[in-house]
Structure formats: C-alpha cells, structure tokens
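# Provide a 3D model corresponding to the input given below.
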Amino acid sequence: MKRRALLFAPLALAATPALASGGGGGSSGGYVRYPTITATTIRADGRRGVMTVETGVDAPDAALKLRAEQSQPRMRAVFNILVQREANTLLPGGVPNVERLAAQLQSATNIILGQRGARLLIGTVMIV
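Numbers count the residues shown, from 1 in each chain. You can find the predicted model right below:
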C-alpha cells in the first residue's frame, strides 16, 4: 500500500500548478519545444538518409513565450525549409554545418517573433 503512495506521489506533485510552473506563480518566461524537423539527404553508402534536428526556443518573458507558442506553425514551416536546404547542400556522408544552421534558424526566429530576445536552442542534429 505504501509503495503505491510513493509511485503516484510524483504525479500528484506535477499536477499542482504552482509546482509545475517552476515556482510560486511568477510570470517568467520559459522553454517552448517544437516538434522534430526532418529532411532527406544522401548517406555515405549512397542510400537515402534522414537528417533530424530538435529545436526549441528559450523566451525570457511570458509575452515572448506566448508569441513563440502562437507562432509554432510558422516557425515549423520556416525551420523545415532551412533544414531541408542544409540537407541538400551536404555531400554524401558529409557532416552538417550546425553553426550555420543555428545562425539561420536564430535569424528566422527573430524575424518571426518580431523582436530579439528569444534564444533558439538546438538539441540533436543527426543523420541516419
């Protein structure tokens, strides 16, 4: 019986709004995660491969975070174009230029959000 209480205790804590928001009701910004972006490329063995990029935006204030959440479809569309363009420039078996890709994605983020301040975060860039 006590094991069940321990197993379900984290679920009860996560359901509490003050704890789930990261503290005592402050209106600070946060992290917005976007779905994984995929693009096709050529692998080293000559077969088709898939390039995946995980992205998100760290917004310092609540208004910018809300804008990033609301702009998610537009961000995803532009991110897909930029990642596919990067995948098309790769030679078979080549390594993506993550710094150039990050700079392009950050520039697109600033343009879409209409202001600077939100930082683009890149998780994993992988070709399989």
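
# Output the below-cut-off pLDDT ranges for the chain.
Across the chain, the stretches falling below the confidence threshold (pLDDT under 70) are 1-27.

# all strands in it, in order from the N-terminus.
Under the criterion DSSP state E, strands of the chain are mapped to 28-33, 37-42, 48-61, 119-127.

# Which positions in the second one come out as buried?
Residues of strand 37-42 classed as buried under the neighbour-count rule (16 or more other C-beta atoms under 10 Å) are 37, 39, 41-42. The way it works is simple: take the backbone N, C-alpha and C, and place the C-beta from them, glycine included.

# Which strands and helices lie in contact with that strand?
With contacts taken as 3 or more C-beta pairs under 8 Å, 6 or more residues apart in numbering; DSSP states H and E, strand 37-42 sits against strand 48-61, helix 72-88.

# can you tell me which residues contact residue 42?
With contacts defined as C-beta atoms under 8 Å, 6 or more residues apart in numbering, the neighbours of residue 42 are 48-49, 90-93.
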